[in-house]
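>>> show me the folded form of this:
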Amino acid sequence: MSVDKVLRMGVAGCGRMGQIHINNMLEMRFVSVTAVCSVIKAELDWAIKTIDGVVTFENFDDFIASDRFDAVLIVTPNIFHRDQVIAAMHHRKHVFCEKPIAPDAKSAWDVYYESLKFPDLKVCCGFPRRYVTPYVEAAKKIRNGDIGKVTTLRSQTTDLRMESDYFVDYIKTSGGIFVDCCIHDIDACLYLLGEDKTPATAFSTGTTNAWPVFQQFRDVDDGMGLVTFETGDVIMNVYGSRNNPHGHHTMTEVIGTKGRILINGQPRLIALDISDEKGTRMEAPDTQMTAFGYAFKLEMEAFRDWILYDKEANFNLKDAAKAVSIGAALMDSLDKLNLAKVNIY
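Numbering: from 1, shown residues only. All right, here's what the predicted structure looks like:
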């Protein structure tokens, strides 16, 4: 395609994340947001005020059949992802879907296998850590053999405690801490591992000391999971928390036979230490967006360049399906308090 080709984007879902993505795309060259779909009037009103000349739809079937866009960004609730991604492919649209690619393991693999029928389409699931500079540089060093053969990966996502009814309502339908929160860690580990290994078993446990109400949703506020692979030569450990008093802290460690790489070991907002009468301290980011907001724009730019110029990208739809399988197995183990098989369909 010529360098002045513009990627016409349609967006399904225009809530918090949809608006973040749209605002990012409005700042990008060679991208035009031409259509938006939502069942919520306030979201459509926002789109009309924000995007010049945008066409709005209330019905997804009408939206995805439209010829007004070439690629679709799906930012709807998780339960719709499988059917909407597959419908988009059948209407010859490139697809960027927010995580998870589907709400359950079987549906996630349905999407992956269906994508193989459309080799000319670019279909991906967005995981911004694949575009965060320290993760990208760590992956290069691991691929280069700097730490030898990878034997252990451990990663965490720990979020600032939120005292709000909105947060509790969100958790009710989130899919659980390992599918919602730690799926970023699972995918980050798969990305850093850089090998197509098949996960085998999962065990998890957790507590509800901070949010006893989460027991009603078969969920936890602090969860720890351990994952093995069929090859038996590597293990993965993930930790998720919704109870950090100091802010958001994402951290990932990769251990190899010759050394290790630690990413974001301290919860730094910026590389700044403050020393005063209280001692020496650092400031932590309050949310993932504060820490990694720039990566959401980078992943969308990578999606654009993947389509327009066939430029290699860090997306991996098979890993996205694996991540759902692993997250679902960890939730199953958490619920049944025993070892769970990771189902690969």
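>>> residue most distant from the centroid, the protein?
Farthest-out residue of the chain from its mean C-alpha position, per Cα atoms, centre = their mean: Glu277, at 40.5 Å.
>>> need the pLDDT of that one.
Per-residue pLDDT puts Glu277 at 91.
>>> could you do Met1 as well?
At Met1, the model reports a pLDDT of 40.
>>> ditto for Val168
87.
>>> one more: the one 3 residues further on?
Taken from the predicted model, the pLDDT recorded for Ile171 is 88.
>>> do the same with Tyr113
98.
>>> equivalent analysis for Glu312, please.
So, for Glu312, pLDDT stands at 96.
>>> over to the one 3 residues further on?
The predicted local confidence for Phe315 comes out at a pLDDT of 98.
>>> just to check, it is in contact with Ser115?
No: between Phe315 and Ser115 there is no contact under Cβ atoms under 8 Å: 11.2 Å. Using the backbone N, CA and C atoms, a C-beta is placed for each residue, glycine as well.
>>> I'd like to know how far the residue farthest from the centre of the chain sits from Met9.
Distance, Glu277 to Met9, using Cβ to Cβ, to the nearest Å: 52 Å.
>>> so where is the stretch 51-200 of the chain shaky, pLDDT-wise?
In the predicted model of the stretch 51-200 of the chain, no residue satisfies pLDDT under 70.
>>> all helices for it, in order.
60-64, 81-90, 105-115, 133-143, 165-172, 177-180, 183-193 (DSSP state H, counting those that start in this stretch).
>>> the last one to helix 133-143, inter-axis angle?
For helix 183-193 against helix 133-143, the angle between stretch directions is 40 degrees (axes from the mean of the first three to the mean of the last three Cα atoms, to 10 degrees).
>>> now do helix 183-193: which elements does it pack against?
helix 133-143, strand 150-160, strand 235-244, strand 249-256, helix 317-336 (3 or more Cβ pairs under 8 Å, 6 or more residues apart in numbering; DSSP states H and E).
>>> the same query, at a cut-off of 6 Å, please.
Packed against helix 183-193, as judged by 3 or more Cβ pairs under 6 Å, 6 or more residues apart in numbering; DSSP states H and E, are the following elements: strand 150-160, helix 317-336.
>>> what of the third one?
Counting contacts by 3+ Cβ pairs under 6 Å, 6+ apart, helix 105-115 packs against helix 81-90, helix 317-336.
>>> pick the most buried one from the ones you listed.
helix 317-336 (a mean of 24; mean count of other Cβ atoms under 10 Å).
>>> quick one: that one to chain centroid distance?
Here helix 317-336 is found 13 Å from its chain centre; the criterion is Cα atoms, centre = their mean, to the nearest Å.
>>> angle of it against helix 183-193?
Going by the same axes, to 10 degrees, helix 317-336 makes 130 degrees with helix 183-193.
>>> elements contacting whichever helix or strand comes after helix 317-336?
Remark: after helix 317-336, the chain's next helix or strand is strand 340-341, criterion DSSP states H and E. Secondary-structure packing of strand 340-341 (3+ Cβ pairs under 6 Å, 6+ apart): helix 317-336.
>>> give me the nearest residue to the residue nearest the centre of the chain, chain neighbours excluded.
By Cα atoms, centre = their mean, the chain has its centre lying nearest to Phe127, at 3.6 Å. Computed as Cβ to Cβ, 6 or more residues apart in numbering, the closest residue to Phe127 that is not its neighbour in sequence is Asp187, at 4.4 Å.
>>> do you know how far the one you found is from Ile326?
Asp187 is 9 Å from Ile326, by Cβ to Cβ.
>>> give me the three-state assignment for Val11.
strand (DSSP: H, G, I helix; E, B strand; the rest coil).
>>> burial count for it?
Neighbour count of Val11, defined by other Cβ atoms under 10 Å: 29.
>>> return the residues in contact with it.
Going by Cβ atoms under 6 Å, 6 or more residues apart in numbering, Val11 touches Gly18, Ile22, Val36, Leu73.
>>> residues in a beta bridge with the residue lying closest to Glu195 once chain neighbours are set aside, which ones?
Of all residues not flanking Glu195 in the chain, Val150 sits nearest, at 7.9 Å (Cβ to Cβ, 6+ apart). With DSSP bridges as the criterion, Val150 is bridged to Gly256.
>>> ok, Val150 - contacts?
Neighbouring residues of Val150 by Cβ under 6 Å, 6+ apart: Leu193, Val234, Val254, Gly256.
>>> does the third one really touch Ile261, like I thought?
Read that as Val254. Yes: counting by Cβ atoms under 6 Å, Val254 touches Ile261, with 4.8 Å between them.
>>> among those two, which residue is more densely surrounded?
Val254 (24 against 20).
>>> I'd like the distance between that one and Phe178.
Counting by Cβ to Cβ, the separation of Val254 from Phe178 is 20 Å.
>>> likewise Ser115?
Distance from Ser115 to Phe178, by Cβ to Cβ: 24 Å.
>>> okay, these two: which has more neighbours?
Phe178 (31 against 21).
>>> let me see the contact set for Leu226.
Phe203, Asn237.
>>> redo that, cut-off 8 Å
Ala202, Phe203, Ser204, Ile235, Met236, Asn237 (Cβ atoms under 8 Å, 6 or more residues apart in numbering).
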